[in-house]
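> Give me a model of this one.
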Amino acid sequence: MAFKIFPLISFLFLIFILLAPSGHAKRSIPSGKKTSAFDFIKKLKGCHKGNTTKGIHELKAYLEKFGYLRYPNKTQATDDDFDDILESAIKTYQENYHIKPSGVMDDETISKMTTPRCGVPDIVNGTNYMQPRNRNHKSGSSGVHVVSHYSFFEGEPKWPPSKTHLTYRFLPNVPAVAMDPVARAFQKWQSSTHFTFARAQTDQNSDLVIGFYRGDHGDIDPFDGPGGTLAHAFAPTNGRFHYDADEQWSIGSVADAFDYETVALHEIGHLLGLRHSSVEAAIMYSEISAGQTKNLHEDDIAGIRDLYNL
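A predicted model of the protein is given here:
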């Protein structure tokens, strides 16, 4: 009898080994699709002015967070009525992201709104930084009139001419695996600007500080969990850059994860004084999809050179 039972036990043990998840793979490859902080938007497909639909108040909060919406009273901001103000905000969003401005929550709009993005707003105090602006660039002795797609923070804050060497440090909450990708991002900006960058020790003062946070952490909009706001950074000369610790991060292109270096390139652009660009291929475009990697684009380089008169 024992000899008959032994093969059965061996077989079951083999099946268990084959089906058991690998502990090594858990850390490097995301397991399963996680719910995104922006997934509520998918339930609003087809909504338009005149509708009263559960969840519209969340859409209002989303658009308010990124600068598209401001209601005169709290009641309107927290109800589920699709009113004229919301329709106008959606049309502006659609224009910014090159979607037909219908004011309707169509498939293209939902796809764009649910894409993870940077936490820096597109519109501040009524100024829409996603719309192209006319600028006069000098080429030799002649002024050249061009339309630019990059943008700067209000008042065009930047590092002073005497401050071209910037130091950066990592807070203790930064995973060691993130440090080299961030360093590479700094080197890419260094190769395209007049800035040089060097890492300072954790306990030393520095011009720039990188950290990982969850939820609310002070004087900037809180992070919202996986798949929503990925990171944010401050304009010069504040120097702070925060990753959302709730996201799945990776080195390079990994499905359902976000590349440390690509996001760092974007946020360093903010640290140097760039806002968002309306060029989708630019690193300063506000959104990034999981598994996507990007590099500096000519629009990013033109923007930083314009800001610093390089």
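> Just the pLDDT for the nearest residue to G211 once chain neighbours are set aside.
On the basis of C-beta to C-beta, 6 or more residues apart in numbering, the spatially nearest residue to G211 that is not a chain neighbour turns out to be L171, at 3.9 Å. From N, CA and C alone the C-beta is placed, and that goes for glycine too. Looking at L171, its pLDDT is 95.
> L171 against Y213, yeah?
No. Checked against C-beta atoms under 8 Å, the pair L171 and Y213 is beyond contact range at 9.1 Å.
> If you count surrounding residues, which of the two has more?
For L171 versus Y213, neighbours defined as other C-beta atoms under 10 Å are more numerous around Y213 (19 against 13).
> any idea how far the more buried one is from V263?
Counting by C-beta to C-beta, to the nearest Å, the separation of Y213 from V263 is 14 Å.
> can you check D207 too?
As defined by C-beta to C-beta, D207 lies at a distance of 20 Å from V263.
> Please identify which of these two sits among more neighbours.
Here D207 and V263 are set side by side on neighbour count (other C-beta under 10 Å), and the busier one is V263, at 26 against 19.
> is it true that S102 touches E87?
No. At 9.2 Å, S102 and E87 do not qualify as touching, with contact defined as C-beta under 8 Å.
> For the two, work out which one has more neighbours and name it.
The neighbour comparison of S102 against E87 (other C-beta under 10 Å) goes to E87, with 17 against 14.
> Assign a three-state SS to E64, would you?
Reduced to three states with DSSP: H, G, I helix; E, B strand; the rest coil, the structure at E64 is helix.
> What sits closest to it if chain neighbours are left out?
In this structure, E64 finds its nearest non-sequential neighbour in R70, 6.5 Å apart by C-beta to C-beta, 6+ apart.
> G67 too?
Leaving aside its sequence neighbours, G67 sits nearest to I123 (C-beta to C-beta, 6+ apart; 3.2 Å).
> wouldn't that neighbour be in contact with E154 here?
No. I123 sits out of contact with E154 when judged by C-beta under 8 Å, with a separation of 10.8 Å.
> more neighbours, the two?
Neighbour tally, I123 and E154, criterion other C-beta under 10 Å: the higher count belongs to I123, 20 against 12.
> Burial check on P175, number of neighbours?
Neighbouring residues of P175 were enumerated by other C-beta under 10 Å; the total is 12.
> and the nearest residue to it once chain neighbours are set aside, what does it touch?
Ranked by C-beta to C-beta, 6+ apart and with sequence neighbours excluded, the top spatial neighbour of P175 is F212, at 7.0 Å. Taking C-beta atoms under 8 Å, 6 or more residues apart in numbering as the contact definition, F212 lies against L171, N173, V174, P175, A178, H242, Y243, D244, A245.
> again, 6 Å this time
Contacts of F212 were listed using C-beta atoms under 6 Å, 6 or more residues apart in numbering, and they are N173, V174, Y243, A245.
> again with E154
With the criterion set at C-beta under 6 Å, 6+ apart, E154 makes contact with V124.
> Please report how far it lies from G67.
With the distance defined as C-beta to C-beta, E154 ends up 11 Å from G67.
> Could you do D83 as well?
Distance check for D83 against G67: by C-beta to C-beta, it reads 18 Å.
> So for these two, which residue has more residues nearby?
Here D83 and G67 are compared on neighbour count by other C-beta under 10 Å; more neighbours surround G67, at 21 against 17.
> What's opposite F241 in the beta bridge?
Using DSSP bridges, the bridge partners assigned to F241 are I210, A233.
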